[in-house]
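Enquirer: The sequence and its predicted three-dimensional model are supplied below.
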Amino acid sequence: MSEKPASHWTFLTNHAHVLFCLSQNSDQTLREVARQVGITERAVQRIVTDLESGGVIYREREGRRNRYVIDKSSSLRHPLEQHCNIGDLLQLLAQPVSTLD
């Protein structure tokens, strides 16, 4: 049997990846987030703007840096997921794999 080629899609969007990174460390730079997610810093800036416009996060200025605060009570946007909130998603993503069994 031949080996299947590697697929490049993932279950979560880059918006979810950025949100998760910010939930793990709200003080990191967008450059650091871009490196973790594997996208450009400019793409992360656009995503952060989307998340701010959607009321999911807001920015607090601390000196020359930004700190990102997440509204964990915000509902997920898709009709299939509106019964869940951002906090539910982040909690699920933060769980170690061994506890999901």
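Expert: Done, it's in. Residues are numbered from 1 along each chain as shown.
Enquirer: For residue 66, see how far away the spatially most central residue of the chain is.
Expert: The residue lying closest to the centre of the chain (Cα atoms, centre = their mean) is residue 19, at 2.0 Å. Taking Cβ to Cβ, to the nearest Å as the measure, residue 19 falls 15 Å from residue 66. Heads up, the C-betas are built off the backbone N, CA and C, glycines and all.
Enquirer: same deal with residue 84?
Expert: From residue 84 to residue 66 the distance is 27 Å (Cβ to Cβ).
Enquirer: And residue 85, by the same measure?
Expert: On the measure of Cβ to Cβ, residue 85 and residue 66 end up 23 Å apart.
Enquirer: Report the contact partners of residue 77.
Expert: Residues near residue 77 by Cβ atoms under 8 Å, 6 or more residues apart in numbering: residue 54.
Enquirer: and if we set it to 10 Å?
Expert: 15, 54, 56, 86 (Cβ atoms under 10 Å, 6 or more residues apart in numbering).
Enquirer: and what of residue 37?
Expert: Residue 37 sits next to 14, 15, 16, 17, 18, 20, 21, 43, 44, 47 when contact means Cβ under 10 Å, 6+ apart.
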